[in-house]
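**Q** Can you look at this prediction? I've put the sequence above it.
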Amino acid sequence: MKYSVILGTMTAAGLAAGAAMAGTLDDVQARGKLNCGVSTGLTGFAEPDASGVWQGFDIGVCRAVAAAVLGDPMAVEFVPLTTKVRFTALNSGEIDMLARNTTWTFQRDVELKLEFVGVNYYDGQGFLVPKALGVSSATELDGASICIQTGTTTELNLADFFRVNNISYEPIPVETGNEAKQQYFAGACDVYTTDASALASARAAAADPNTHVVLPEIISKEPLGPLVRHGDNEWGDVVRWTLNALISAEELGVTSGNMAEMVKGTNNPEINRLLGTEGTLGEWLGLSADWAQHAIAAGGNYGELFENNIGVNTPLGISRGLNAQWTDGGLIYSPPFR
Amino acid sequence: MTHKTASFVRNELIPESPPPVSETGAVKWMRENLFSSPLNIIMTIASLWAVYTLFNSVAPWFLNGVWSGNSVRDCYEILDGATGACFAVLKERWPQLIYGFKYPPSEFWRPNFAAVLLCVAIAPVLFSTVSKKLFLFTVVYPFLAFWLIWGGTILGPIVAFAGCAVAVLASRRLESYGFALAALCGFVCALVCWIFGGYLVDIGKDFLVLPSVPSRDMGGFMLNLILGTVCVSLSIPLGIMLALGRQSDMPIIKWICVCFIEFIRGVPLITLLFVANVVLAYFFPPDTNIDLILRVIIMITLFSAAYIAEVIRGGLAALPSGQFEAANSLGLNYAQAMRLIILPQALKVSIPGIVNVAVGLFKDTTLVSIISMFDLVGMIRGPILSSTAWNGVYWELFAFAALLFFVVCYGISQYSQWLERQLETDHR
């Protein structure tokens, strides 16, 4: 395919210029594959296993969308992206959606012309300390040396937090998360601070995770969610409601296990509408009636995805916390399927 | 009066005795080199102590290394609190480290075979004792390797090769009419050949097909080797042309070359890679992508060509002007003079510099990990370090990467030293 690259490009450029105007949903269906931007590797969220198959919590979102649109959760082309190139890849059309631990901020939503379709994980900055330090609250960290990634919002949050509480600290700047882990375990700093999910992964990397503890204080808001380009609302709706379908499924008690039973018909009209046995929700999205069934069957509902990839029974051991359903005191909340 | 005679006269030679212990062998060497003065004694003891401590801390880690297990937890369990490396990660992720995580395992034989053939193809270039007939294979090799690694129909590489062959033949025929005309004709012939060949390829899509592997699926050390080999071999001819262009009397060519070289040398490689990855995407319509590896190859080649051009310019400057005059007085035209007289000498002088650039370039190929390509370092930094199973393994992987790169780079530098001895670059 690459032999006549130059000629091929010129012809293809002409053809593609005409074709590219169609909607993303049509493009994906025509292509038969969803191009999903993911992290180059983040424990529990996106990681290829030993046989090269992507696994993880963010991966689950991509697979659910592929299942809803194409009926096949494996019809995804994962495009691993570093933090530096992720938005460009989305805006240039290289990927159809980005599910890469991206914080929803004003600047990204408005200035970078991106469209966050929801939040699949409420993260926040926390502190990891060795148990031997004998601290139970971040306010007791006066004078501690803290490993912190440079050039991130976490650095600014940290400065604010210590200023507000009128205590001092000594920053140990590091470049990457992996370097930070290494420094922290080597004892170069007393405390490691970053997003709580990454702290859980750092803690899991310790020889004995029980000797380290994540302090209860969360000092910033980091809502992470999948996003698409501005300007293609139909496609945005597909991704948004696929995520909502996973969340509603958990709320309504629909799991990948009992779904076959529920499809036969239930007394709850919202479940019926969600699963497409009643109403025409799928048609309005431009998908088949059983789109949500496929999405839920891909990796389970929101709760199943959480427990299988990052939950308390995995090495990461993250508890639901803010990410519990609103009915359980969390923030995970889907608008109604009606 | 009796003649006083000596009471003892030795009448045979004393047998040779061995030199004193302190003046021979290891003891002498140590006295002279290690313990010759108080300062040296202190330095020696300090160095020995440093080596010992280093060894003492690294050896148990290395010797206790665990080679079996499916996750870092297994390693911790087997080690049971003792220090030790977790080399099991190398074993479990071996294919990923070498081929990246997406190259289909059933096709691993193809890059392997290509690597073996590379050794054959490169032999006549590196060693003058190897039969010159092998050069034919060297010429075919790039196209064969492309077919092996990327797959697809064999017609594609054949058409590409035919185009190049036609170009060379055409320009050979026209060489006597002048170099520029010959080059232009060759280019036009190749273009015609490729355009018509393109149709042929479209028709014969299923002729001798290997399952095709997209560029995005290349990774691991294989990607480093591909980038290194291709970029070095492309940038040397380009560098020679730039160096000659910079010396040219024709102002436009000269200034183009000067600007190009100075621009590239003034910009960091990582910037060029970002341009290749990110900025170019904005210039093309959506959904059109020039292959990412191709973009990266072009950028790295341009980058190293500029450096090689400067190295070769140094070689050209080292030649006495008599050589140029001698070539002219023999009636050789520019192309002949360069090919037969000037360049062989200039390149000989430039070998250490070129090798230096080549080694640097090979190591720089790891920079592609920053633009989301999964070369060896990208594999380690991304998928492997962050996998749940190997979360916390760190030194083992980077030590392994360092070892692989060391083997290749040390090999290159040893070869260049050997070559210099062969060619005797000092003008005796």
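**A** On my side now, so go ahead.
**Q** got any ranges where the stretch 201-350 of chain B has weak pLDDT?
**A** Along the stretch 201-350 of chain B, the parts satisfying pLDDT under 70 run over B:281, B:285-289.
**Q** could you pull out the helices for it?
**A** B:220-247, B:251-265, B:269-274, B:280-283, B:292-318, B:321-329, B:334-337, B:343-364 (DSSP state H, counting those that start in this stretch).
**Q** closest to chain A out of the ones you listed?
**A** With distances scored as CB to the nearest CB, the stretch of these nearest to chain A is helix B:280-283 (3.9 Å). (Each C-beta comes from the backbone N, C-alpha and C, glycine too.)
**Q** ok now that closest one, how far from the chain's centre?
**A** Here helix B:280-283 is found 30 Å from its chain centre; the criterion is CA atoms, centre = their mean, to the nearest Å.
**Q** Same check on stretch A:159-168?
**A** Put simply, stretch A:159-168 sits 30 Å off its chain's centre (CA atoms, centre = their mean).
**Q** Including distance to chain A and mean neighbour count, could the helices of the stretch 201-350 of chain B go into a markdown table?
**A** Converted to a markdown table, the helices of the stretch 201-350 of chain B look like this (distance: least, CB to the nearest CB, whole Å; neighbours: other CB atoms under 10 Å in any protein chain shown):
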| stretch | distance to chain A | mean neighbour count |
| --- | --- | --- |
| helix B:220-247 | 11 | 21 |
| helix B:251-265 | 20 | 14 |
| helix B:269-274 | 8 | 17 |
| helix B:280-283 | 4 | 14 |
| helix B:292-318 | 6 | 21 |
| helix B:321-329 | 37 | 12 |
| helix B:334-337 | 27 | 15 |
| helix B:343-364 | 17 | 19 |
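**Q** Assign B:N11 to helix, strand or coil.
**A** Per DSSP: H, G, I helix; E, B strand; the rest coil, the secondary structure class of B:N11 is coil.
**Q** ditto for the one 3 residues further on
**A** On the three-state scheme (three-state DSSP), B:I14 is labelled coil.
**Q** ok, it to B:M379 distance?
**A** Per CB to CB, to the nearest Å, B:I14 is found 72 Å from B:M379.
**Q** would TSV of the helices of the stretch 201-350 of chain B with distance to B:W390 be doable?
**A** Listed next are these as TSV, based on distance: least, CB to CB, whole Å:
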stretch	distance to B:W390
helix B:220-247	16
helix B:251-265	39
helix B:269-274	27
helix B:280-283	32
helix B:292-318	27
helix B:321-329	59
helix B:334-337	56
helix B:343-364	25
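**Q** hmm, back to that, looking at B:I14 and B:M379, which one has more neighbours?
**A** The residue with more neighbours, out of B:I14 and B:M379, is B:M379; 29 against 6, by other CB atoms under 10 Å in any protein chain shown.
**Q** is it true that the more buried one touches B:I98?
**A** No. B:M379 is not in contact with B:I98 according to CB atoms under 8 Å; the separation is 9.2 Å.
**Q** intersection of neighbour lists for these two?
**A** Taking CB atoms under 8 Å, 6 or more residues apart in numbering or on different chains as the criterion, B:M379 and B:I98 both touch B:G220.
**Q** Check the burial of A:D237 by counting its neighbours.
**A** Other residues within reach of A:D237, judged by other CB under 10 Å, total 16.
**Q** Please read the previous query as pertaining to B:S212.
**A** B:S212: 15 neighbours (other CB under 10 Å).
**Q** Skip the chain neighbours and tell me the closest residue to it.
**A** Take B:S212 and drop its neighbours on the chain: the residue closest to it by CB to CB, 6 or more residues apart in numbering or on different chains is B:G151, 3.8 Å away.
**Q** What count of nearby residues applies to that neighbour?
**A** For B:G151, the count of nearby residues is 19 (other CB under 10 Å).
**Q** next one: A:Y121
**A** By the criterion of other CB under 10 Å, A:Y121 has 22 neighbours.
**Q** got a list of what it touches?
**A** By CB under 8 Å, 6+ apart, the residues touching A:Y121 are A:57, A:101, A:197, A:223-225, A:323.
**Q** and with 6 Å instead?
**A** Neighbouring residues of A:Y121 by CB atoms under 6 Å, 6 or more residues apart in numbering or on different chains: A:L224.
**Q** Tell me the confidence at it?
**A** A:Y121 is assigned 94 on the pLDDT scale.
**Q** do the one 5 residues further on as well
**A** Predicted confidence (pLDDT) for A:G126: 92.
**Q** That one sits in which helix or strand?
**A** With secondary structure defined by DSSP states H and E, A:G126 is part of strand A:125-130.
**Q** Who does that strand pair with, and is each partner parallel or antiparallel?
**A** In the sheet, strand A:125-130 lines up against strand A:191-195 (antiparallel), strand A:212-214 (antiparallel) (DSSP bridges).
**Q** what's the offset of the longest one from the middle of its chain?
**A** Using CA atoms, centre = their mean, we find the averaged C-alpha position of strand A:191-195 to lie 19 Å away from the chain's own average C-alpha position.
**Q** Can you name the next helix or strand after it?
**A** Next element after strand A:191-195 (DSSP H and E): helix A:196-204.
**Q** same check, this time on the last one
**A** Towards the C-terminus, the helix or strand next in line after strand A:212-214, according to DSSP H and E, is strand A:222-224.
**Q** Keeping just the C-alphas, turn the helix or strand containing A:L90 into CSV.
**A** For A:L90, the element it lies in under DSSP H and E is helix A:86-91. Taking Å, rounded to 0.1, in the frame of the first residue of the first chain, the C-alpha atoms of helix A:86-91 are listed here in CSV:
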residue,chain,number,x,y,z
ARG,A,86,-3.9,13.7,22.2
PHE,A,87,-6.0,16.8,21.3
THR,A,88,-4.3,17.3,18.0
ALA,A,89,-5.1,13.7,17.0
LEU,A,90,-8.8,14.3,17.9
ASN,A,91,-9.1,17.6,16.1
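**Q** For it, give me every contacting residue.
**A** Contacts with helix A:86-91, where a contact means CB under 6 Å, 6+ apart, come from A:37, A:81, A:95, A:98, A:100, A:112, A:229, B:278.
**Q** Point me to the residue of the stretch 151-300 of chain A nearest chain B.
**A** Closest to chain B within the stretch 151-300 of chain A is A:A205: 3.3 Å, counting by CB to the nearest CB.
**Q** Isn't that residue up against B:N391?
**A** Yes. Contact criterion CB atoms under 6 Å: A:A205 and B:N391 qualify, at 4.3 Å.
**Q** Quick one: end-to-end distance for stretch B:323-338.
**A** By CA to CA, to the nearest Å, the extent of stretch B:323-338 from end to end equals 10 Å.
**Q** next one: stretch B:364-373
**A** 13 Å.
**Q** quick one, which of the helices of the stretch 201-350 of chain B is nearest to A:E155?
**A** A:E155 sits nearest to helix B:269-274 of all those, at 22.8 Å, using CB to CB.
**Q** where does chain A dip in pLDDT?
**A** Along chain A, the model assigns pLDDT under 70 to residues A:1-22, A:151.
**Q** Mind giving me the packing neighbours of the biggest helix by length in it?
**A** For chain A, the longest helix by residue count, based on DSSP state H, is helix A:233-252. Here helix A:233-252 touches helix A:24-31, helix A:57-70, strand A:227-229, helix A:291-299, helix A:302-309, going by 3 or more CB pairs under 6 Å, 6 or more residues apart in numbering or on different chains; DSSP states H and E.
**Q** just these: most buried one?
**A** Burial of the helices and strands packed on helix A:233-252 is given as mean neighbour count (mean count of other CB atoms under 10 Å in any protein chain shown); helix A:57-70 ranks first at a mean of 28.
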